[in-house]
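Undergrad: Give me the fold of what follows.
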Amino acid sequence: MALTLKNVLISDEVDPKCVEILQSNGIGVVKNTKLSKEELITEIPKYDGLIVRSATKVKADVIAAATNLKIIGRAGTGVDNIDVGAATKKGIIVMNTPGGNTMSAAELTCGMICSLSRQIPQATESMRAGRWDRKKFMGAELLGKTLGIVGLGRIGKEVAIRMQSFGMTTIGFDPIVSPEESAEFGVESMPLEKIWPLADYITLHTPLIPQTKNLVNDQVFSICKKGMKVINCARGGIIDEDAILRALESGKCGGAGLDVFLEEPPTNTALIQHPLVVSTPHLGASTVEAQTRVAEEIAQQFVDLVQGKSLFGAINAQALTNALSPATRPLVTLGQKLGTLGAALVGKVSKNISVQVVTYGSELKQAGSYLGAAVLVGLLANPTNNGLNLVSAPVAAKEMGLQVATEHVDTPPGNLSSLISVIIQEQDGAIYKLSGHAAVGSPVLVDLNNGTFSSGVALKGNALIYRSQLNPQVMPAVAGALAGANVNVLSYSTSTPVSDGESWSIMQISQPIESLEILKLHVNFAQQVSL
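TA: Residues are numbered from 1 along each chain as shown. The predicted structure follows:
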């Protein structure tokens, strides 16, 4: 799934390299960094791509007005200024540049640690005031001290490597990074409750999510070492600002390096004016190198997506990540077609059905990550919900209480090298199992409820699906009924018998039938679908 991007709006200041890369790859660019919210809402329907930094707030009302928007790119790491949920519901990809700020944020963190250990900013301020307070600013070496790192991703890892050169012992926690992986860069992994009482310095490198809001609070400070120091160059709100102020006043916390705040600019003036606090105005990414890097990276990520090469940095499009290559696109189409056919057979898709996608063959081992979403696109599409894609379909399914289970089997049945089966079970117990494969890049149905189509059925055009008794007179009778309704039969396929002595038949027809009632005398079940 490659995207077509004709016009991209850049609404915040970014390095000129961003514009150059986009334009050199045939993508139109308009840069307007002075739009008010109302003006942005008026302008956004003209664009299918948007690039922002942190100033532009892309909230639900902006997204609602973005009738053509396909992708929002954040030239930076955090996406707090983007309503990711609203974008996902609308099928809009949200991506960031996860590595662009890494070195700058890590270096700022290290600078904070050094500043806290030797009170460098406070001593500078004293000198500027004309004082010579050598005795007042007694510091402490970092050699032999323990640094607790909460969050061992890109930035946390780089902080660890740099502070180890000062002779610090590094311990850390990350629910995703394994102890074996963190050990490779010199960090001993341990639970948070063990880190708090061991660390002389604690630095935070996590996103702000419900699980991390006020992560460092009164309770945490109560079990920390007396005089410990804390650094937050990640996101405001991870530290309880009232709690840290109390800890500073009591001496429990011996200093804080804060680059981010719950409200920015911060309104908690007592905190930033505290003599033991080193504060900066959200400068983690504020280096020439970082700004050039994120501008180049977001532009190149747009280009790679347009060219179908890769999808990197997507926050809400996990299903798309493995669905962009030429080899996987036919499989995505197959999944969508099987979902569409399944919806026609079921009649009404609701939370009362269960859906399972089974992939067969070693080449499809990783395909479940996107085929479940592809099936949902076809299954849920209807006249009022036809804008679904691999981004929005899983959200739409979740909202209606419908889930898709995926399973993989290495050995495919029969002589095929790979196969995809979609199994839909209704609340009353009725089951539909549809199996297909991508033959020379085109979706083909090979089995329906254990009725095999020996030559396969191309999943395209207008199709009539019916189940009837094994009787050679049925097909001519159905064709005659269609002719009476001015509908031509373009092709016909019938399956092997199923267990109840019936078979499935599929006709490709010239146009949809106005009413299936004309067939009820000849068949036991009939549905039609446009594929």
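Undergrad: Just name the shakiest helix or strand of this protein by mean pLDDT.
TA: Sorting the helices and strands of the chain by mean pLDDT, DSSP states H and E puts helix 318-321 at the bottom, at a mean of 70.
Undergrad: Which helix or strand lies directly C-terminal to that helix?
TA: Once helix 318-321 ends, the next helix or strand along the chain (criterion: DSSP states H and E) is helix 329-346.
Undergrad: What strands line up against the next helix or strand after that next one, and which way round?
TA: Counting by DSSP H and E, the element after helix 329-346 in chain order, helix or strand, is strand 354-360. In the sheet, strand 354-360 lines up against strand 404-409 (parallel), strand 419-425 (antiparallel) (DSSP bridges).
Undergrad: contacts for stretch 524-531?
TA: Stretch 524-531 has contacts (C-beta atoms under 8 Å, 6 or more residues apart in numbering) with 337, 340-341, 343-345, 347, 459-469, 502, 509, 512-513, 516, 519-520. The way it works is simple: take the backbone N, C-alpha and C, and place the C-beta from them, glycine included.
Undergrad: Of those, keep whichever come out buried.
TA: Buried by 16 or more other C-beta atoms under 10 Å: 337, 340-341, 343-345, 459, 462-468, 502, 509, 513, 516, 519, out of the contacts of stretch 524-531.
Undergrad: Name all residues that make contact with residue 464.
TA: Per C-beta under 8 Å, 6+ apart, neighbours of residue 464: 478, 482, 506-507, 509, 513, 526-528.
Undergrad: now it: how far from residue 524?
TA: 14 Å (C-beta to C-beta, to the nearest Å).
Undergrad: cool, residue 46 as well?
TA: According to C-beta to C-beta, residue 46 stands 53 Å off from residue 524.
Undergrad: same question, residue 204
TA: Plainly put, residue 204 is 65 Å away from residue 524 if you go by C-beta to C-beta.
Undergrad: neighbour-wise, which of these two wins?
TA: residue 204 (22 against 12; other C-beta atoms under 10 Å).
Undergrad: which residues does that one bridge with?
TA: Beta-bridge pairing of residue 204 under DSSP bridges involves residue 150, residue 232.
Undergrad: check contacts around it.
TA: Residue 204 is in contact with 150-151, 215-216, 230-234, 238-239, counting by C-beta under 8 Å, 6+ apart.
Undergrad: Quick check: the gap between residue 469 and residue 477.
TA: Going from residue 469 to residue 477 by C-beta to C-beta gives 12 Å.
Undergrad: brain fart, residue 214
TA: 72 Å.
Undergrad: Checking residue 503 next. Helix, strand or coil?
TA: Here residue 503 is strand, with the state taken from DSSP: H, G, I helix; E, B strand; the rest coil.
Undergrad: correct me, but it touches residue 471?
TA: No. Residue 503 lies out of contact with residue 471 (C-beta atoms under 8 Å); the separation is 9.5 Å.
Undergrad: higher neighbour count, these two?
TA: residue 503 (20 against 11).
Undergrad: Show the pLDDT at the more buried one.
TA: Note on residue 503: pLDDT of 94.
Undergrad: list the contacts for it?
TA: When the contact criterion is C-beta under 8 Å, 6+ apart, the partners of residue 503 are 451, 467-468, 470, 494-497.
Undergrad: And these, which two are furthest apart?
TA: 468 and 496 (13.8 Å; C-beta to C-beta).
Undergrad: would you put the C-alpha positions of the one helix or strand residue 506 maps to in CSV?
TA: Element membership for residue 506 (DSSP H and E) is strand 502-509. Only the C-alpha atoms of strand 502-509 are listed here, as CSV (Å, rounded to 0.1, in the frame of the first residue of the first chain):
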residue,chain,number,x,y,z
GLU,A,502,-25.2,-29.5,-1.8
SER,A,503,-22.6,-27.5,-3.6
TRP,A,504,-21.6,-23.8,-3.9
SER,A,505,-21.7,-21.9,-7.1
ILE,A,506,-20.4,-18.5,-8.0
MET,A,507,-21.4,-16.6,-11.1
GLN,A,508,-19.7,-13.4,-12.3
ILE,A,509,-22.6,-11.3,-13.6
